[in-house]
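**Student:** Provided below for reference: sequence and predicted model.
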Amino acid sequence: MVQKIKNRITHDKTIQVVGVQFGRETRYYVLRLDNTNNELFVTEKSGGLSFEGLQSKLDKKYPVILVFSGKGVLNKKVKRTPDYKSKVLLNVNTSEFYFYEYQQKTEVFISVARKSIVNDELELFANNKFLIVDYSIGVFSSVLLKSFVNKEVLTSDNVVLTFTGNELDSFSKSTEEEMELIGEQQLSAHEIPLFATGLNYYYPNEKLVYDADFLTINKEEKNFKKYFELFGGVILGSFFLLLLLSYLLLGYYNDKTVEANTSLDMLQDTYSKVKVLEKERDDKKAILNESGVFTSSFLSYYINELTTDLPKTISLSEFLLFPNTKKIKQTEKVIFKTNIITIKGVSSSNTMFNKWIKGLRKIKWITKAEIIKYKENRQNQHDFGIKIIIR
């Protein structure tokens, strides 16, 4: 699972395959390939270029694969024996050559080139900041395209490959420039080995054997750039996400701050009103304290004492406890007579009224019971008013 994820990250959607054809003057051919949904497409192509002309066709952000052919490249077919490389090059130091092999059960098709000319090209590209990640020599990588053509021969560069079934049987030189239909794409003979090498880069074939260890550092650099771009994008995306989140949170907390300030203003206003009400309460309570309302001898006590022996011939219409001294103005302090009770009512019997008055005057806490009104009304009864002064 981890390997699959790693392959997806390091996968190159676009590669540039450059054909390096040695001769009196080295000429260059280029295919730009896109791998989309496991299908390989040619998106750009150019041919017969000088190196200066090639540079204008290449993009340094995409990796480069080189395909070497022409003068100095030797193609051979040998039996697959333990010492088959010595039969390809006689009396030479094989360590001075790169071998690119297509191995079958009994035979090996080999393309050989001196390391010096290959390394010179690798150095040239590296000096111009192009990243080389793979290579091939000769035309035998084109065997991978056999399944795309419905015939026994395939022209690749200046070589004709002959097949028996799916096995490569032989090869010979060709002077004809032919076009091949690979899938839905028309490719020239010069472009066939370039396309095949790009295919092998994406989908390596174990029958193609060559030394690419010296390119490991380039592949690692390419992968590092991929990881850097990916994680850089992730970090940048995370930064903008956090920035957006902080912006949203800032807006949210700003709204909450406004709400809190509004609530605080309301609370302060309510608090101010409460303080006013408390002051009014305390003022009224003070007035009531001064009036004696909260003393033990308040209204219920006096009412009970004064009405206990009230005759049935007398009915009370008004009972004023501690009446105020005068009409109250808005800005004046209220002053109560805290030792006076006034009572008004109606009596239908003079005898019972006099008896009731006498009873009141005998109550210990009453200093004086004074009749301030006693007048006959139209119902042959008497309206009365009395003032009681308490101790």
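**Tutor:** Done, it's in. A quick note: this is a predicted structure, and the numbers were derived from the prediction, not measured. Residues are numbered from 1 along each chain as shown.
**Student:** ranges for the helices of this structure?
**Tutor:** 2-10, 51-57, 84-88, 115-127, 192-202, 216-291, 299-307, 350-361 (DSSP state H).
**Student:** ok now the fifth one, how far from the chain's centre?
**Tutor:** Okay, so that is helix 192-202. Its chain's C-alpha centre and that of helix 192-202 lie 41 Å apart, by Cα atoms, centre = their mean, to the nearest Å.
**Student:** How about the second one?
**Tutor:** Distance of helix 51-57 from its chain centroid, counting by Cα atoms, centre = their mean, is 44 Å.
**Student:** and what of stretch 112-131?
**Tutor:** 46 Å.
**Student:** That stretch: which residues count as buried?
**Tutor:** By 16 or more other Cβ atoms under 10 Å, the buried positions in stretch 112-131 come out as V112, A113, I117, V118, E121, L122, F125, F130, L131. The way it works is simple: take the backbone N, C-alpha and C, and place the C-beta from them, glycine included.
**Student:** Lowest-scoring secondary structure element of the chain by mean pLDDT?
**Tutor:** The helix or strand of the chain with the poorest confidence is helix 2-10; it has a mean of 40 (mean pLDDT, DSSP states H and E).
**Student:** Deepest-packed of the helices of the chain, please.
**Tutor:** helix 192-202 (a mean of 25; mean count of other Cβ atoms under 10 Å).
**Student:** what residues does it touch?
**Tutor:** 15, 17-19, 29-31, 33, 35, 40, 42, 65, 67, 69, 133-136, 138-139, 141-145, 154-157, 180, 182, 185, 187, 208 (Cβ atoms under 8 Å, 6 or more residues apart in numbering).
**Student:** How about S111, nearest residue that isn't a chain neighbour?
**Tutor:** G138 (2.4 Å; Cβ to Cβ, 6 or more residues apart in numbering).
**Student:** For that neighbour, give its distance to D157.
**Tutor:** Distance of G138 to D157, computed by Cβ to Cβ, to the nearest Å: 8 Å.
**Student:** Mutual contacts of those two, please.
**Tutor:** S69, P193.
**Student:** Can you tell me which residue is spatially central in the chain?
**Tutor:** The residue lying closest to the centre of the chain (Cα atoms, centre = their mean) is L241, at 4.7 Å.
**Student:** measure it to G359 for me?
**Tutor:** 95 Å.
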